[in-house]
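> when you get a sec, could you give me coordinates for this:
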Amino acid sequence: MTLTKIGASLGGSADIINVTQTSHTFVSNDRGKAVRMNNNSGTPQYVLAIASGTTTADAIGIIIHVTDGNNFTMATSGRITVDYCVPNEVAGTVLFLSHATAGVLTSTEPSAAGHVSKPMAVITIANSEMIMLQQRGEVISTGAVSIADGSVTNAKLANMATRTVKANATSGSANPTDVVMADGDFLIANASGLITAPIAGDVAVDNTGASVIQQDAVEGSMVHANVVDDTTIEQNGTQFRIKDGGVTLAKIAHTNNGNNGLFLRHNGSGSDPTWAAAGGANLVYLGTAVASSSSSISVTWTDDSEYVQFLVLGNEFRVSSQYAGLGLQLGDSSGMDTGSSDYQYVTGNDSAGATTSTVSISESLNRIAMGVRGINNASGYPCSFALWVSRGDGNVYNMVSGTHSYREHTGVLAGGTVLGMRKAAITVTRVAVVPNTGNMPTGRLTVWGVKHE
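Reported below is the predicted structural model:
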């Protein structure tokens with residue numbers, strides 16, 4: 001390759017160089033295109049420059065004449081007036097090396113990242129004259145930025161108003177917008193796009209997500225056919241009703257008002273039934289205790305001023321010691337009264353083996369005595385009793401009356417009336433059965449309270 005500087009006459013006062021380069025590949029139509037120096041395996045050669053990268057954008061001249069396949073002329077600076085070399089652009093237009101087509105000068109400056117912005121000339125006369133510039137290009141480091149999929153986090157988005165969602169609320173393709181939702185609103189799609197509205201009507205949904213069927217909202221046509229079984233429920237036009245006789249006791253709901261001892265009372269035609277206490281005096285179960293080789297068993301309850309008496313039943317008590325007897329003790333909320341002189345009793349003791357009746361009396365004892373002739377401790381020889389005990393109110397002595405029966409130590413039937421008294425004024429809330437010696441292998445003590453109406 002041979003370079004010959006020949007001055008400025010051909011280029012119109014431009015600095016020009018005649019280049020000899022075997023098989024350079026340039027043609028006549030390449031006039032006005034920019035060239036750069038290229039190292040072809042150690043051999044320097046001129047090729048068309050392009051601004052698509054830093055290694056191809058360092059243009060050093062503009063072709064102004066192609067002599068033949070081995071010779072051409074290029075301008076390196078100055079004023080260029082060669083025909084077909086100057087683009088048809090208005091005066092003052094800056095021409096840049098193209099990033100798209102090799103060698104071409106264009107008024108469009110490269111802007112993509114990695115391209116090179118290299119000014120080559122300034123138009124002074126459209127389609128006739130330009131002044132060539134000789135300077136390094138600038139690499140474009142910014143331009144159209146591509147964001148990777150999934151790389152934008154919620155924190156990178158602009159803040160939104162409270163209770164706002166991003167959506168396309170139109171009926172066609174559009175950018176998303178902020179859709180503000182009121183308390184309790186739902187986002188609903190229809191033919192016009194998206195709307196916000198509360199769910200109301202027959203079924204309402206609140207702002208917690210709970211759905212409630214509104215009162216009087218369910219019509220007969222909305223109910224599944226299997227609801228009507230013609231046994232409990234029947235359909236009457238648009239209404240449903242419970243058939244006569246269709247409600248069993250098991251269908252009646254348990255309520256806090258339906259306490260033990262109450263019943264459903266009819267309150268007349270057109271009125272709802274209510275829970276009510278039974279009329280007149282009533283017997284209320286208070287508790288039971290079972291002996292198992294016990295030295296004492298007792299039943300305790302909570303006082304109620306409506307109680308007037310207590311029914312105390314003893315069933316099949318046995319004693320471990322031959323000739324032993326039983327006794328009843330009373331107590332109040334402070335405990336059982338077991339003092340040696342707390343009680344007075346008069347107990348009848350008729351016997352199938354005696355010709356006369358006997359009475360056992362004590363003015364001071366720690367119990368109201370029963371089985372005073374001595375209970376037989378053999379299996380199958382129990383003592384049973386039924387006693388009435390007054391409640392007392394802390395102002396009067398508590399009275400006891402009733403009967404008892406047992407098999408005495410000789411094996412014959414014995415028993416009779418039992419009269420007793422607690423020699424103090426207490427409010428009874430507990431009773432106990434105790435033997436006067438040994439223990440009680442078996443026996444059950446049960447207490448009921450008697451109330452006024």
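
> how many residues are close by residue 318?
Neighbour count for residue 318, taken as other Cβ atoms under 10 Å: 24. Any C-beta I mention is one placed from the backbone N, CA and C, and that applies to glycine too.

> so what's it up against?
375, 377, 379, 381, 382, 383, 440, 441, 442, 443 (Cβ atoms under 8 Å, 6 or more residues apart in numbering).

> rerun that using 10 Å as the cut-off
291, 293, 324, 326, 375-383, 406, 435, 439-443 (Cβ atoms under 10 Å, 6 or more residues apart in numbering).

> likewise residue 299?
Listed by Cβ under 10 Å, 6+ apart, the contact partners of residue 299 are 286-289, 310, 312, 429-433, 445-447.

> need the per-residue pLDDT for it.
Note for residue 299: predicted pLDDT of 97.

> and what of residue 259?
63.

> follow-up on the earlier one: in ChimeraX, select just the buried ones from the contacts of residue 299.
Paste this into ChimeraX to select the buried members of those, with burial taken from 16 or more other Cβ atoms under 10 Å:
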select :286,289,310,312,429,430,431,432,433,445,446,447
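
> next step: the contacts of residue 318 restricted to strands.
324, 326, 375, 383, 406, 435 (DSSP state E).

> list the contacts of the last one.
Read it as residue 435. The contact partners of residue 435, by Cβ under 10 Å, 6+ apart, come to 291, 294-296, 317-321, 324-327, 367, 371, 375, 383, 443.

> need the three-state assignment for the spatially most central residue of the chain.
Geometric centre of the chain, nearest residue: residue 208, 10.2 Å, by Cα atoms, centre = their mean. The three-state assignment at residue 208 reads coil, by DSSP: H, G, I helix; E, B strand; the rest coil.

> show me the domain layout of the protein.
2-139, 283-451 (automatic domain parsing).

> any chance of TSV for these, columns distance to residue 201?
Conversion of those to TSV gives the following (distance: least, Cβ to Cβ, whole Å):
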stretch	distance to residue 201
domain 2-139	57
domain 283-451	52
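
> all strands in the stretch 351-453 of the chain, in order from the N-terminus.
358-365, 368-375, 383-390, 398-407, 413-422, 430-435, 444-451 (DSSP state E, counting those that start in this stretch).

> pick the most buried one from those.
strand 368-375 (a mean of 26; mean count of other Cβ atoms under 10 Å).

> how far is that strand from where the chain is centred?
68 Å (Cα atoms, centre = their mean, to the nearest Å).

> just list what it packs against, helices and strands only.
strand 307-317, strand 324-332, strand 343-351, strand 358-365, strand 383-390, strand 398-407, strand 413-422, strand 430-435 (3 or more Cβ pairs under 10 Å, 6 or more residues apart in numbering; DSSP states H and E).

> what's the least confident stretch among those?
Among the helices and strands packed on strand 368-375, strand 358-365 scores lowest, at a mean of 81.

> alpha carbons only: can I get that strand in CSV?
Extracted in CSV, the C-alpha atoms of strand 358-365 (Å, rounded to 0.1, in the frame of the first residue of the first chain):
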residue,chain,number,x,y,z
THR,A,358,-88.6,-50.0,123.6
VAL,A,359,-87.6,-46.4,123.2
SER,A,360,-84.0,-45.2,123.3
ILE,A,361,-83.5,-41.6,124.5
SER,A,362,-80.5,-39.4,124.9
GLU,A,363,-80.3,-35.7,125.8
SER,A,364,-76.7,-35.3,124.8
LEU,A,365,-74.9,-37.3,122.1
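
> that strand pairs with which strands, parallel or anti?
strand 343-351 (antiparallel) (DSSP bridges).

> quick one: buried residues of the strand it pairs with?
In strand 343-351, the ones that count as buried by 16+ other Cβ under 10 Å are 343, 344, 345, 346, 347, 348, 349, 350, 351.

> including distance to residue 359, could these go into a markdown table?
Converted to a markdown table, the buried residues of strand 343-351 look like this (distance: Cβ to Cβ, whole Å):
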| residue | distance to residue 359 |
| --- | --- |
| 343 | 16 |
| 344 | 13 |
| 345 | 10 |
| 346 | 6 |
| 347 | 7 |
| 348 | 6 |
| 349 | 7 |
| 350 | 10 |
| 351 | 12 |
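
> surely residue 416 meets residue 405?
Yes: with contact defined as Cβ atoms under 10 Å, residue 416 counts as touching residue 405 (8.2 Å).

> just to revisit the earlier point, relative to residue 193, which of the domains of the chain is closest?
For those, proximity to residue 193 was assessed by Cβ to Cβ; domain 2-139 is nearest, at 37.4 Å.

> who wins for proximity to residue 269 among the domains of the chain?
Taking these one by one with Cβ to Cβ, domain 283-451 is closest: 30.7 Å.

> how far away is the closest residue to residue 346 other than its chain neighbours from residue 359?
In this structure, residue 346 finds its nearest non-sequential neighbour in residue 419, 4.5 Å apart by Cβ to Cβ, 6 or more residues apart in numbering. Separation of residue 419 from residue 359 (Cβ to Cβ, to the nearest Å) stands at 10 Å.

> thinking again about what came up before, shared neighbours of residue 416 and residue 405, anything?
What both residue 416 and residue 405 touch, as defined by Cβ under 10 Å, 6+ apart, is the set 350, 370.

> flag every buried residue along stretch 287-301.
289, 291, 294, 296, 297, 298, 299, 300, 301.

> let's see which of those end up in helices.
Using DSSP state H, no member of the buried residues of stretch 287-301 sits in helices.

> just to revisit the earlier point, contacting residues for the residue nearest to the centre of the chain?
residue 184.

> with residue 85 instead?
Here residue 85 is in contact with 11-12, 14, 31-33, 62-65, 75, 105, 121, 127-130, 132 (Cβ under 10 Å, 6+ apart).

> now it, nearest residue through space, not along the chain?
Nearest non-adjacent residue to residue 85 (Cβ to Cβ, 6+ apart): residue 32, at 3.8 Å.

> can you tell me the SS state at that neighbour?
Applying three-state DSSP: residue 32 is coil.

> that one: neighbour count?
Residue 32, neighbours per other Cβ under 10 Å, totals 23.

> swap in the one 4 residues further on?
Neighbouring residues of residue 36 were enumerated by other Cβ under 10 Å; the total is 20.

> I'd say it and residue 62 touch.
No: shown here, residue 36 and residue 62 do not form a contact pair, counting by Cβ under 10 Å, at 11.1 Å.

> list residues touching both of these two?
Contacts common to residue 36 and residue 62, judged by Cβ under 10 Å, 6+ apart, are 49, 103.

> what about residue 182, distance to residue 30?
Residue 182 is 70 Å from residue 30, by Cβ to Cβ.

> okay, these two: which has more neighbours?
A count of neighbours by other Cβ under 10 Å puts residue 30 above the other of residue 182 and residue 30, at 21 against 10.
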